[in-house]
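>>> I would like the atomic coordinates for the input below:
(2 chains)
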Amino acid sequence: KSSNLHIKIEIVDENLTELRGEIPGPPDTAYEGGRYKLEIKIPDTYPFNPPKVRFITKIWHPNISSVTGAICLDILKDQWAAAMTLRTVLLSLQALLAAPEPDDPQDAVVARQYKESPEMFQQTARFWAHIYAGAPLVNCDYTRKVDHLCAFGFDKTSRPLIPQLLPFIVMCILCHIIFNGALLSPQNAVITALSSHSWNVEAATELLLNN
Amino acid sequence: MAEAAAAAAAAAGLRTTTTAAATATAPSSATSSVTPAVAGGWTKQVTCRYYMHGVCKEGINCRYSHELSSNKPPTICKYYQKGCCVYGKFCRFDHVKPSKQEETNTPKPAKMTDSATTSTLAPLSKLAETDSKAVALPSYHEDWINAVEFVPGQPYYARAAIPCTEEPEQGLVIEEEYEKQKVGEQLKKQLCPYATVGECRYGENCAYLHGDVCDMCGLRVLHPIDTAQRSQHIKSCIEAHEKDMELSFAVQRSKDMACGICMEVVYEKANPSDRRFGILSNCNHTYCLKCIRKWRSAKQFESKIIKSCPECRITSNFVIPSEYWVEEKEEKQKLIQKYKEAMSNKLCRYFDEGRGKCPFGGNCFYKHAYPDGRLEEPQPQRRQTGSSGRHRVSKNNACFGGVEYYVQF
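Now for the predicted structure:
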């Protein structure tokens, strides 16, 4: 219905109760280059009540659940106004990606990381954007001139350039060994575990094994 | 063929009788003329209804009289006597003034005897003459463009030139002068009601006054002499015009305005009763009345949220229902004033003539009056903290279902 150059909305349900939105990660953020899919459910009382919006694409953001994609945004809750549209909602979400509100978090772990080690938050968010939202790794400090396929650690020379990925690769190998490759989505679990534990391999392994 | 010939002969015979009858405007001669009309019978006494309207197919073979003034007993036009016959000189009745009996009587019988002599002396020529209308009938299509307008109830003449039975003779001139003198002053004072609203079918012949055309409304309503009437009319016309202009401007600026909530153009809403604006007192964002009221009565949000404009979040204490979109400051003030005045005439349902308690006290837009008409004394207004109190009231109000009641919040 409404399409800026960047934001997109598709109809999922015939009677417009469910829509699919897509927003690009805002420039000069860790999400740049990524495309984020959103699930939009329109209540019967719309526009007197806000639409229910959730991220389908996984994202590392203090105000968005890294597990469910639930969004903590005032206008989607008590600050809704009847004159708002899906377009304004998506633009607001884009603005939220550019300016997180760590004091009103949806994901406490992410929020803590954002506040305590912003550098690691940036790298993690960037990594998630690359893995899930299709963002290139080009702007990453560690991978300036390295082809992002190499960045997966298969090339020996590139390995020291991306210390974040090192534990990930180690974990993946570990998972394969431990669970015999039978894990349903080892990658997601590993990434979440590592991200939540400051990329500490031991802590993440412990978490995975306990689960 | 034989039958037709017989019919023609009969018709010829009849013609003489009818022409004789035609001359018989006096009752005495009329009775005498009936006797020879054996062939045609009584029907020849009756004027053909079709011929009167110019649509008789029978022509000269018609069993009824094609003489337009034949069977009328000589009657004096009572309208003319009263002073105003709308038919003027086309009237089928005698235009005779009772006071001028001697003068007017003389030309009329003279005329009649004249026609009578011609008809009796030369029936054929008379036939040709009188039937020129009737004969012309079949060929009327030749110049149908010039056909005379058909007016129901009036004799129809197929020819463009309206045959005038009464040539302007001496008597008529006198009549006209008489008319001018006596009738003129009284009659001409009144404007013709037909001419004022459009067209008067009597045109120049109208007994009433046809006023001058008003430049504003384009109607012939300006009295030629009465200057007071003229200026009065022009003034009212200008006022009406100004009002019209104001209205069309209001419609113009309203017609494209879309509601910020339902996104529909307010004037194009399916239900005509929904085509109203709900104007917020403190900002200029457009909503239809229904939407903004629904938003302002929403219970799922804080009062501060719902009492603010859904677009700019400026809080407005009330919504003014309006047919037209009003944005301009002065006009909006006028609208608010008018609205408050209208509200102040309605009894407050909370106050309930002293039986209840209104949470708005002296700030209430509605009337706080006791049954005896005494107004409530202004009380020191208890300052309400924030919006929570109001919010609760507005919740109660939803149960009220009152007409435009929650507007005040």
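>>> So what's the model's average confidence on stretch A:103-111?
Averaging pLDDT along stretch A:103-111 yields 91.
>>> Compute the first-to-last residue distance for it.
Start-to-end span of stretch A:103-111 (C-alpha to C-alpha, to the nearest Å) is 8 Å.
>>> now stretch B:291-310
End-to-end span of stretch B:291-310 (C-alpha to C-alpha): 11 Å.
>>> Show me which parts of that stretch are buried, residue by residue.
Residues of stretch B:291-310 classed as buried: B:291-296, B:298, B:301, B:303-310 (neighbour count, 16 or more other C-beta atoms under 10 Å in any protein chain shown). Every C-beta, even on glycine, is put in place using the N, C-alpha and C of the backbone.
>>> Now for those residues: which two are most distant?
Greatest spatial distance among the buried residues of stretch B:291-310 (C-beta to C-beta): B:Cys291 and B:Lys304, at 19.1 Å.
>>> What about chain A: which of the buried residues of stretch B:291-310 touch it?
B:Cys291, B:Lys294, B:Trp295, B:Ala298, B:Phe301, B:Ile305, B:Ser308, B:Cys309, B:Pro310 (C-beta under 8 Å from any C-beta of the partner chain).
>>> How many neighbouring residues does residue 77 have?
Here I'm looking at chain A. For A:Lys77, the tally of surrounding residues (other C-beta atoms under 10 Å in any protein chain shown) stands at 11.
>>> that's the other chain; I wanted chain B
Counted by other C-beta under 10 Å, the residues lying close to B:Cys77 total 15.
>>> next one: B:Lys367
15.
>>> What of B:Met216?
Neighbourhood size, B:Met216 [other C-beta under 10 Å]: 15.
>>> Tell me the predicted confidence for the residue lying closest to it once chain neighbours are set aside.
Closest residue to B:Met216 apart from its sequence neighbours, by C-beta to C-beta, 6 or more residues apart in numbering or on different chains: B:Cys237 at 3.8 Å. Note for B:Cys237: predicted pLDDT of 90.
>>> and if you look at the one 3 residues further on?
At B:Ala240, the model reports a pLDDT of 91.
>>> Could you list the domains of chain B?
B:45-94, B:180-255, B:257-327 (the TED database).
>>> most packed of these?
domain B:257-327 (a mean of 18; mean count of other C-beta atoms under 10 Å in any protein chain shown).
>>> what does chain A put close to chain B?
Close to chain B, as judged by C-beta under 8 Å from any C-beta, chain A has residues A:Pro47, A:Phe48, A:Asn49, A:Asp78, A:Gln79, A:Trp80, A:Ala81, A:Ala82, A:Ala83, A:Met84, A:Thr85.
>>> Kindly give a single ChimeraX line that selects the buried subset of those.
Of those, the buried ones can be selected in ChimeraX as follows, counting by 16+ other C-beta under 10 Å:
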select /A:47,48,80,81,82,83,84
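>>> Could I get the contacting residues of the residue lying closest to B:Lys307 once chain neighbours are set aside?
Using C-beta to C-beta, 6+ apart and skipping residues adjacent in sequence, the residue nearest B:Lys307 is B:Thr315, 5.3 Å away. Applying C-beta atoms under 8 Å, 6 or more residues apart in numbering or on different chains, we find B:Thr315 in contact with B:Asn282, B:Lys304, B:Lys307, B:Ser308, B:Cys309.
>>> Show me which pair in the residues you listed is furthest apart.
B:Asn282 and B:Lys304 (13.7 Å).
>>> show me where pLDDT drops low in chain A?
Scanning chain A for pLDDT under 70 picks out A:1-5, A:137-187, A:190, A:201-202, A:208-209, A:211.
>>> Show me the helices in it, by range?
Along chain A, counting by DSSP state H, helices occupy A:86-98, A:108-116, A:118-133, A:165-179, A:186-196, A:201-210.
>>> Distance to A:Glu18 and mean neighbour count for those helices - can I get that in a markdown table?
A markdown table is the format used below for those (distance: least, C-beta to C-beta, whole Å; neighbours: other C-beta atoms under 10 Å in any protein chain shown):
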| stretch | distance to A:Glu18 | mean neighbour count |
| --- | --- | --- |
| helix A:86-98 | 12 | 19 |
| helix A:108-116 | 27 | 18 |
| helix A:118-133 | 21 | 20 |
| helix A:165-179 | 34 | 17 |
| helix A:186-196 | 24 | 20 |
| helix A:201-210 | 34 | 15 |
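>>> so which of the buried residues of stretch B:291-310 comes closest to chain A?
Using C-beta to the nearest C-beta, B:Pro310 comes nearest to chain A of the buried residues of stretch B:291-310, at 3.6 Å.
>>> so what's the closest one up against?
B:Pro310 neighbours (C-beta under 8 Å, 6+ apart): A:Ala81, A:Ala82, A:Ala83, A:Met84, B:Gly260, B:Ile261, B:His285, B:Tyr287, B:Ile292, B:Trp295.
>>> repeat that for 10 Å
For B:Pro310, the contact set (C-beta atoms under 10 Å, 6 or more residues apart in numbering or on different chains) comprises A:47-48, A:80-84, B:260-261, B:280, B:285, B:287, B:291-292, B:295-296.
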